[in-house]
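Colleague: Here is my input, please return the structure:
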Amino acid sequence: MSRSKHRNMKICCITTIDATLSAFVTEAMKLFVEEGHEVTLVSTMTEDFIQTYKNTFRLIPIPMHRGISIKDILWMPLTFYRLFRKEKFDYIQYSTPNASFYASIGAWLAKCPIRVYGQWGILYVGADGFMRRILKIIESLTCRLSTHIRPASQKNLDFAVLEGLYTREKAAIIGDGGTIGVDLTQFDINKRNKFRNEVRKYYPILQRRTVFCSVGRLNRDKGCFELLEAFLRMASERDDVALLMIGSKETKSLPTHFQEKVKSCPRIVFTGHSDKVAQLLSASDVLVHPSYREGFSMVIQEGMAMALPVLTTNIPGPSEVIENDVTGLLVEPRNAEALYEGMKQIIADPERMRAMGQAGLERCKRLFRRERMLQLTYEDRMKIIHESKNITN
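Modeller: Prediction:
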């Protein structure tokens, strides 16, 4: 599909840390650079990130803290206001909670014409009590100060409208949901057997077992505690299962009462942070993603690309990536018993399990391949620019 021509634009994209830019922004923004637009990236930046992208984008490092920082809350909106007043960007896009909050205030004060919030998750959904109220106020203000909202999925959009965060007319999703889709040259199903043999040789405990896997930080919001509880119960009943935890292996974050149980189970493998997710997924048989909250879930898309059936929670985002009973199963969140029953069910019939994995692969190719999502993102952003009354094309 050909891309519409517009006058060269000054575009700015902001996230709290550069890992988010690398994972979800840079590939999409390369299309704008190719069309002659000037793209500036703003984030807390490592030297590796700067060296990687300094010849492609303008880079402005602005250190920001993750989590709540009173200093950042007081200082960062002014920092962004000054930046935006100086640069006079035509289009500003921000995502991740902290960066979006600060940048939306600064962009509104500087009267930037287009302020797009990539709402790739709603943080307060996973919180309770006073903290939930505070986070909802921050989310609401970010949405109010933005001219356009781009949630990651239709159910997240519907939830946000119901919560009064914004009107339906202010928001849209890209394609069938998600951000930049899956790179099928990296998550290449044709390499699965090779990857599988390599990883299982490295981790012999996985051999001749059905392997569940999880990808992400070891924290409560990702449902890791329920997953470990459910697996420990299953491991006590049968010897032919293993669990591959891809990501943080800091077990000190686990509840004290079963830290030792987890450490004493040799069939739970913690890989630590890894850039070989495709290889590790290939060594697995079922992807388990029991998150409490999610924008859409790139991890699920990647698991589907490697033909894994998916067991995930019935929440906005994950419940839209998979088709229940077709490419995987949905269970209720925050429920170790439901997760245990789902794990039992999904491996009870190996033939059905393989069919789910194949159906997931086909769905991923059809809806979530990277080329499709990048093109749809480009078209959406150029439509925003074209329709803005403050931009002369």
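Colleague: Every contact and neighbour count from this point should use C-alpha atoms.
Modeller: OK.
Colleague: Find the residue ranges of this protein scoring beneath the pLDDT cut-off.
Modeller: Applying pLDDT under 70 to the predicted model, the residue ranges of the chain that meet it are 1-7, 249-253, 389-393.
Colleague: if you set the cut-off to 80 instead, what comes out?
Modeller: For the chain, residues meeting the criterion pLDDT under 80 lie at 1-7, 248-258, 389-393.
Colleague: where's the closest residue in space to M306 that isn't next to it in sequence relative to Q279, distance?
Modeller: Excluding the flanking residues, the one nearest M306 by CA to CA, 6 or more residues apart in numbering is I189, at 5.2 Å. According to CA to CA, to the nearest Å, I189 stands 10 Å off from Q279.
Colleague: Please say which of the two ends up with more neighbours.
Modeller: Residue environment comparison for I189 versus Q279 gives the larger neighbour count to Q279, 23 against 18, counting by other CA atoms under 10 Å.
Colleague: what's the helix or strand for the more buried one?
Modeller: Taking DSSP states H and E as the criterion, Q279 maps to helix 277-282.
Colleague: One more: A230?
Modeller: Under DSSP H and E, the secondary-structure element containing A230 is helix 224-237.
Colleague: Which elements pack onto that helix?
Modeller: Other helices and strands packing on helix 224-237, by 3 or more CA pairs under 8 Å, 6 or more residues apart in numbering; DSSP states H and E, are strand 241-246, helix 259-263, helix 336-348.
Colleague: any residues touching the host helix or strand of S214, and which ones?
Modeller: Of the helices and strands defined by DSSP H and E, S214 is found in strand 210-215. Strand 210-215 is touched from outside by 240-247, 281, 283-289, 299, with contacts defined as CA atoms under 8 Å, 6 or more residues apart in numbering.
Colleague: what angle separates that strand from helix 224-237?
Modeller: 170 degrees (axes from the mean of the first three to the mean of the last three CA atoms, to 10 degrees).
Colleague: For strand 210-215, what is the distance to the chain centroid?
Modeller: Averaging C-alpha positions (CA atoms, centre = their mean, to the nearest Å) puts strand 210-215 18 Å from its chain's average.
Colleague: ok and it relative to strand 241-246, angle-wise?
Modeller: Calculated by the same axes, to 10 degrees, strand 210-215 forms an angle of 20 degrees with strand 241-246.
Colleague: For L184, see how far away C364 is.
Modeller: Distance from C364 to L184, counting by CA to CA: 9 Å.
Colleague: between those two, who's got more neighbours?
Modeller: Using other CA under 10 Å as the criterion, C364 and L184 rank with C364 on top: 25 against 17.
Colleague: right, and the more buried one touches I300 too?
Modeller: No. The criterion here is CA atoms under 8 Å, and C364 misses it with I300 at 9.6 Å.
Colleague: Which residues are in contact with each of C364 and L184?
Modeller: When contacts are counted by CA under 8 Å, 6+ apart, the set common to C364 and L184 consists of A305.
Colleague: The helix holding A230: which residues count as buried?
Modeller: Within helix 224-237, the residues that count as buried by 16 or more other CA atoms under 10 Å are C224, F225, E226, L227, L228, E229, A230, F231, L232, M234, A235.
Colleague: Show me how the record splits this protein into domains.
Modeller: The record's domain split for the chain, according to automatic domain parsing, is 10-181+370-387, 189-367.
Colleague: what sits against G36?
Modeller: Applying CA under 8 Å, 6+ apart, we find G36 in contact with N8.
Colleague: Run through the residues that contact L78.
Modeller: In this structure, L78 makes contact with G106, judged by CA under 8 Å, 6+ apart.
Colleague: Shouldn't it be within a helix?
Modeller: Yes. Under DSSP: H, G, I helix; E, B strand; the rest coil, L78 sits within a helix.
Colleague: What distance do you get for it to R168?
Modeller: The value you get for L78 to R168, if CA to CA is used, is 30 Å.
Colleague: all strands for the stretch 1-150 of the chain, in order.
Modeller: Defined through DSSP state E, counting those that start in this stretch, the strands belonging to the stretch 1-150 of the chain, from first to last, are 10-17, 38-44, 58-61, 91-95, 115-118, 148-149.
Colleague: and of these, who's closest to R132?
Modeller: strand 91-95 (19.2 Å; CA to CA).
Colleague: Kindly calculate the angle that the closest one makes with strand 10-17.
Modeller: Our comparison of strand 91-95 with strand 10-17, counting by the same axes, to 10 degrees, yields an angle of 10 degrees.
Colleague: in its sheet, what does strand 91-95 sit against?
Modeller: The partner list of strand 91-95 in its sheet, established with DSSP bridges, is strand 10-17 (parallel), strand 115-118 (parallel).
Colleague: Just say which of the helices and strands packed on helix 224-237 is most tucked in.
Modeller: For these, average neighbour numbers computed from mean count of other CA atoms under 10 Å are highest in strand 241-246, which has a mean of 24.
Colleague: what's the angle between that one and helix 336-348?
Modeller: Put simply, strand 241-246 runs at 110 degrees to helix 336-348, going by the same axes, to 10 degrees.
Colleague: so how far is strand 241-246 from its chain's centroid?
Modeller: Its chain's C-alpha centre and that of strand 241-246 lie 21 Å apart, by CA atoms, centre = their mean.
Colleague: ok, now stretch 153-165?
Modeller: In terms of CA atoms, centre = their mean, the centre of stretch 153-165 is found 17 Å from the chain centre.
Colleague: Next, work out how far apart the spatially closest residue to Y81 that is not a sequence neighbour and D128 are.
Modeller: Distances taken as CA to CA, 6+ apart put G106 closest to Y81, at 4.0 Å, once the chain neighbours are dropped. Counting by CA to CA, the gap between G106 and D128 amounts to 28 Å.
Colleague: same deal with E337?
Modeller: Following CA to CA, the distance that separates E337 from D128 is 22 Å.
Colleague: Kindly report the same for Q93.
Modeller: According to CA to CA, Q93 stands 29 Å off from D128.
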